[in-house]
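> everything below, folded, please.
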Amino acid sequence: MKKLVSASFLSLTFGSFQALANINTSIGDFQINGFLSVGMAWTNVEYLQSGIEPVYNSYVRKRPSFEEDSDVGVQITKQLREDISITTQFLALASENWDVEAVWAFIKWEPNDNWQFRAGRVRTNPYMLSEYVNVGYAYPWIRPPEEVYSQVPSSFSNLTGLDARFRMEILKRDLTLSAFYGATSTHLNFPTNLAFPTGINETIFDNIRLRLRDLYSLNLKFGDEVFSIRAGYETTRVTLDPNAGTAMQGLNTFLNSMALFGVPFLGIPPFGLDYVNYFSAYNSRADFMGLGYQFDWKNVVSMGEIVKRKTATPIIANVIGWYLMGGYRFNQMMPHITFARERVIDNKIRRFPSYVNAAFTSPFIANSPVTLDEVAYNLISTGVSFEGGAGSQSSVTLGLRWDIFEGIAIKGEFKHIHPDNRSPGLFNVNPQRSVNLYSVAVDAVM
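Numbering: from 1, shown residues only. Below you'll find the predicted structure:
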């Protein structure tokens, strides 16, 4: 297992997971590889008094679910000539009803052993495991720690553009530098169980389009199979424009009116231009940076990452997340333990002045059953319901990986999750207690 997993960490950064197994399939001039994960997860969460069941990471409930950790992918490469190839990777996720998506579709030119250029649909590298995050066999866990890997959802990482990579040897170790430029569009899902004022239609609250433009990515990796470090930085311009009739547009309409006029006869002054289109983002800057390491020496395995997300739009929280994993390999078994933490690092939970909240709840104005602070808090902290939200939580994961055959691994995990006070963590609603998450999975590659 050591050679398989360690080699995958190095070779996959160059757009191939062939090192994951020594099994290669060729049909004519086509090279075909594939991967499959079938996982089941459940929690010991209890229903709240309101009758709502807290759901973790969008899919994990008290009853066992297969949506969170099951997927299948096929990668096809055609060598056009010695230095030019075309690669496509098709991915189907259980969480997306097994709809097939072409997550990779690029042409690659390698003029020599040092340089590589790609054009088309590729995956950027906000994380250490980005390019093979869907290949469960490539890492110890059933899923990488959500406290880090939920901050930039995979739908934000599959972009169309150009990248260049340079690799050289320094002190008998590999140094890899890469740069990317591109763009993408996606849709977001927001919660529909929030309390809103009369007249705001929350039933179509999930019809929101997000666009990333002018995304630049820079990454550096240095090391060998024993120890390597990796640093990355991404910056982009975010546009999030709520469609007419959605709840977010309703909130904008209220704030836009109050920002310009206020309510003079009630003594409420204009809110000011800072609140115009507050629940939107128009060409707003967003930055993401990360630092990580991998260590694999004899029977000892360790990995860790720390990442930070910072945005200029109010409805996407600024967060920091990290994890630290240690494991010990004996025979075909590897028990491991992971400590992880995610935290909202700005004051975006209570951010409206008292007179703004008073206007929002006033029966003469918006007649909302909750303050605007509470609405904003739920938008920011939904984490997985809003891909780009966040929650504050910590966790400890105990896991066991068993490589029963070359290319097939069975995994089991126990994760204890503790959301911070007043935060749902990565649940859709605050579970109001610590929660245990249990997972089992089979991962395979070919």
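> ends of stretch 344-363, how far apart?
32 Å (CA to CA, to the nearest Å).
> pull out the buried residues from it.
Using 16 or more other CB atoms under 10 Å as the test for burial, stretch 344-363 gives 344-345, 348-349, 352, 355-361. Heads up, the C-betas are built off the backbone N, CA and C, glycines and all.
> go on, stretch 225-235?
Residues of stretch 225-235 classed as buried by neighbour count (16+ other CB under 10 Å): 225, 228, 230, 232, 234.
> tell me the strands beside the host helix or strand of Tyr438, with direction?
Secondary structure assigned from DSSP states H and E places Tyr438 in strand 435-445. Strand 435-445 pairs in its sheet with strand 30-43 (antiparallel), strand 408-419 (antiparallel), by DSSP bridges.
> now that strand: buried residues?
435, 437, 439-445.
> pLDDT weak spots in the stretch 251-400 of the chain?
Scanning the stretch 251-400 of the chain for pLDDT under 70 picks out 347-351, 377-390.
> recalculate using a threshold of 90.
251-282, 311-319, 344-392 (pLDDT under 90).
> I'd like the average pLDDT over stretch 180-189.
When pLDDT is averaged along stretch 180-189, the result is 83.
> kindly report the same for stretch 234-241.
Stretch 234-241 carries an average pLDDT of 90.
> now that stretch, how far from the chain's geometric center?
Relative to the mean C-alpha coordinate of its chain, stretch 234-241 is positioned 15 Å out (CA atoms, centre = their mean, to the nearest Å).
> got the residue ranges for the helices in the chain?
2-11, 146-149, 247-260, 354-361, 372-381 (DSSP state H).
> give the other helices and strands that the second one contacts.
Which is helix 146-149. strand 300-311, strand 319-328, strand 333-344, strand 393-405 (3 or more CB pairs under 8 Å, 6 or more residues apart in numbering; DSSP states H and E).
> rebuild these as CSV, extending it with distance to Ser58.
Formatted as CSV, the helices and strands packed on helix 146-149 follow (distance: least, CB to CB, whole Å):
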stretch, distance to Ser58
strand 300-311, 19
strand 319-328, 17
strand 333-344, 16
strand 393-405, 15
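> quick one, what contacts Arg143?
Residues in contact with Arg143 (CB atoms under 8 Å, 6 or more residues apart in numbering) are 39, 68-69, 136, 149, 439.
> same deal with Leu215?
So Leu215 contacts 124, 159, 161, 180-184, 234-237 (CB under 8 Å, 6+ apart).
> the residue lying closest to Pro269 once chain neighbours are set aside and Ala359, how far apart?
Counting by CB to CB, 6 or more residues apart in numbering, Gly262 is the residue found nearest to Pro269 once chain neighbours are left out, at 4.8 Å. According to CB to CB, to the nearest Å, Gly262 and Ala359 sit 8 Å apart.
> and if you look at Pro144?
Distance of Pro144 to Ala359, computed by CB to CB: 43 Å.
> now swap in Met258 and tell me
From Met258 to Ala359 the distance is 6 Å (CB to CB).
> find residues that contact each of those two.
Here Met258 and Ala359 share the contacting residues 268, 365, scored by CB under 8 Å, 6+ apart.
> pLDDT at Ile417, what is it?
97.
> OK, contacts around it?
56, 393-395, 425-426, 434-437.
> again, only this time at 10 Å
43, 45, 56-57, 146-147, 340, 393-397, 425-427, 431, 433-437 (CB atoms under 10 Å, 6 or more residues apart in numbering).
> turn the buried residues of stretch 344-363 into CSV, columns for distance to Lys411.
Shown next, in CSV, are the buried residues of stretch 344-363 (distance: CB to CB, whole Å):
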residue, distance to Lys411
Val344, 30
Ile345, 32
Lys348, 36
Ile349, 36
Phe352, 45
Tyr355, 53
Val356, 48
Asn357, 47
Ala358, 52
Ala359, 52
Phe360, 47
Thr361, 49
